[in-house]
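# Quick one, fold the following:
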Amino acid sequence: MANLKYKILCRTFVLAVAACFLVTSCSTQLSKYQDQTNNFDLKEYFNGDVIAWGTIQDSSDKVTRRFCVELTGVWTDNKGVLAEKFYFDDGEISYRTWLLTKNKDGTYIGTAEDVIGSAIGKHKGFAFQLQYTLLLPVDDTTYEVNMNDWMYQLDQYRVMNKTVISKFGINVANVTLFFDKQLPIQYCQVNKEEK
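As a prediction, the model looks like this:
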């Protein structure tokens, strides 16, 4: 009897894992946006100052952190530097600097200090997808997680971003982010007095 319960438990676990992989692998394909008229170009949008506000949600969609980020992009030909400064609601401030290259075919390659290898970016119509492996510190441990960024350009000033953070193919968290570069550029609340 115990052996039968063990087999049923094992089958249930295998089915649950398979369902998780099926759910996470059924993401939207970038080609779905190829017939859209607007063409989102990362180099054009992230040139100069941009500000963004965002939230981090756990796998149950509960917001666990809120943040603001100031970005500055500088491009020379097809090579760019995108400096990011994050202000989290718990007082943490962190930085990331992207080194980006736009290839002749319109794809992007990016590296950063907390990214393993290279990020690969592609766009179709108003959508841009960036995929990479990030070193994510949590308490005293650093995890390697897969990042799947989807950016959607709303107009010349605003971009929405949704990111799925996964480990072993299972969604562990999500990020929702709103970029704005309309003049005059705003700044993160905690940083306003310094400006």
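# CA atoms for contacts and neighbours, from now on please.
Will do.
# who's in contact with the helix or strand that contains residue 94?
Residue 94 is located in strand 93-102, with elements delineated by DSSP states H and E. Strand 93-102 is contacted from outside by 43, 78-87, 108-114, using CA atoms under 8 Å, 6 or more residues apart in numbering.
# Just list whatever residues bridge to the nearest residue to residue 116 once chain neighbours are set aside.
Counting by CA to CA, 6 or more residues apart in numbering, residue 116 lies nearest to residue 133, which is 5.4 Å off, once chain neighbours are set aside. Residue 133 has these beta-bridge partners by DSSP bridges: residue 116, residue 146.
# Could you pull up the residues touching residue 133?
115-117, 119, 144-147.
# Just the mean pLDDT for stretch 84-97, thanks.
For stretch 84-97, the mean per-residue pLDDT is 96.
# Quick check: buried residues in it?
For stretch 84-97, burial by neighbour count (16 or more other CA atoms under 10 Å) applies to 84-88, 97.
# Just the ones of those residues in strands?
84-88, 97 (DSSP state E).
# Which member of those is positioned nearest residue 188?
Among those, residue 87 lies closest to residue 188 (CA to CA), at 7.3 Å.
# circling back: keep only those of the contacts of strand 93-102 that are in strands.
79-87, 108-111.
# circling back: quick check: PyMOL command selecting the buried ones in the contacts of strand 93-102.
Those of those that count as buried under 16+ other CA under 10 Å are selected in PyMOL with:
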select buried, resi 43+79+80+81+82+83+84+85+86+87+108+109+110+111+112+114
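# now this protein, which segments are flagged as low pLDDT?
1-28, 30-31, 33-38, 190-195 (pLDDT under 70).
# mind running it again at 90?
Within the chain, the stretches with pLDDT under 90 are 1-41, 106, 123-124, 137-140, 183-187, 189-195.
# how about the strands of it, start to end?
With strands called from DSSP E, the chain shows them at 48-58, 63-76, 79-88, 93-102, 108-111, 115-124, 127-138, 141-153, 158-167, 170-180.
# Could you dump these into JSON lines with distance to residue 188 added?
Shown next, in JSON lines, are those (distance: least, CA to CA, whole Å):
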{"stretch": "strand 48-58", "distance to residue 188": "8"}
{"stretch": "strand 63-76", "distance to residue 188": "6"}
{"stretch": "strand 79-88", "distance to residue 188": "7"}
{"stretch": "strand 93-102", "distance to residue 188": "11"}
{"stretch": "strand 108-111", "distance to residue 188": "25"}
{"stretch": "strand 115-124", "distance to residue 188": "24"}
{"stretch": "strand 127-138", "distance to residue 188": "23"}
{"stretch": "strand 141-153", "distance to residue 188": "21"}
{"stretch": "strand 158-167", "distance to residue 188": "16"}
{"stretch": "strand 170-180", "distance to residue 188": "12"}
